[in-house]
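Trainee: Starting from these lines, generate the structure:
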Amino acid sequence: MRTRHLVLIALAALLAGMLVANQAKLRYWYTQWVLSDTPRPAGGSQALVPFTLPDLEGRSQSTEQWRGRILLINFWATWCPPCKEEIPLFMDFQERYGGRGLQIVGVALDERDAVADYRDGLLMNYPVLLADRQGLDLMKAYGNLAGVLPYSVVIDRQGRIRHRKMGAYRRQELEDVLAPLLQ
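Mentor: Got it, this is the predicted structure:
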């Protein structure tokens with residue numbers, strides 16, 4: 001019985017040591033790759049990942065139609081409070097900078113009716129596309145391996161990813177990201 005307890009204690013210590021070692025690796029990975037705003041080859045493309053999704057009216061919309069524009073793709077859902085908080089900011093930026101080449105595109109990972117009601121209630125002034133499982137795959141292709149919402153990607157006029165953001169944008173942060181691209 002005593003030997004059994006010693007073995008269990010040794011196993012527990014081994015597992016605790018592995019957890020501590022992996023925590024350091026996970027923390028390093030998270031800070032270097034997930035929080036980094038620079039494009040990277042692993043875990044996400046460095047360029048626009050082309051896609052076609054239906055809008056709320058069921059028409060197919062392709063990223064090809066926005067070629068040559070500054071594209072902010074925002075993955076969101078109506079059940080996500082931070083997502084809903086940043087949408088008025090995006091609407092303001094679309095109105096202010098749309099004439100200078102900014103195109104915001106919402107990719108909703110949600111039910112069509114909920115998204116349509118929300119869009120119509122806010123009078124959203126940018127395209128909203130619907131995604132199901134494909135939306136999760138797109139987020140991964142753009143570097144969001146954790147599936148966190150909201151998630152945004154800013155793509156320059158040449159189709160290069162210039163910024164990624166997990167969580168909601170704040171006004172000044174978005175101004176700082178877009179200012180050099182709008183010149």
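Trainee: any idea how far Asn144 is from Phe51?
Mentor: Per CB to CB, to the nearest Å, Phe51 is found 14 Å from Asn144. All C-beta atoms are positioned from the backbone trio N, CA, C, and that covers glycine.
Trainee: Kindly apply the preceding question to Ser62 instead.
Mentor: According to CB to CB, Ser62 stands 21 Å off from Asn144.
Trainee: just Val115 next, same as before
Mentor: Distance from Val115 to Asn144, by CB to CB: 19 Å.
Trainee: Quick one: low-confidence residue ranges for this protein.
Mentor: Low-confidence regions of the chain, defined by pLDDT under 70, span residues 1, 4-45.
Trainee: Okay, domains of it per the record?
Mentor: 1-36, 52-182 (automatic domain parsing).
Trainee: could those domains go into CSV alongside distance to Gln46?
Mentor: Listed next are these as CSV, based on distance: least, CB to CB, whole Å:
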stretch, distance to Gln46
domain 1-36, 12
domain 52-182, 6
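Trainee: Run through the bridge partners of the residue nearest the centre of the chain.
Mentor: Nearest to the geometric centre of the chain sits Tyr151, at 2.1 Å (CA atoms, centre = their mean). In this entry, Tyr151 is beta-bridged to Phe75, Met166, by DSSP bridges.
Trainee: ok so, going back, name the stretch among the domains of the chain that sits most buried.
Mentor: A comparison of the domains of the chain by mean neighbour count, using mean count of other CB atoms under 10 Å, puts domain 52-182 on top with a mean of 17.
Trainee: Contact partners for Leu182?
Mentor: Residues in contact with Leu182, defined by CB atoms under 8 Å, 6 or more residues apart in numbering, are Ile70, Tyr97, Arg100, Gly101, Leu102.
Trainee: which ones among those residues are found in strands?
Mentor: Per DSSP state E, strands hold the following members of these: Ile70, Leu102.
Trainee: Same list as before, the contacts of Leu182 that is, but in JSON lines and with distance to Arg157 included.
Mentor: As requested, the contacts of Leu182 are exported to JSON lines (distance: CB to CB, whole Å):
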{"residue": "Ile70", "distance to Arg157": "6"}
{"residue": "Tyr97", "distance to Arg157": "13"}
{"residue": "Arg100", "distance to Arg157": "11"}
{"residue": "Gly101", "distance to Arg157": "7"}
{"residue": "Leu102", "distance to Arg157": "10"}
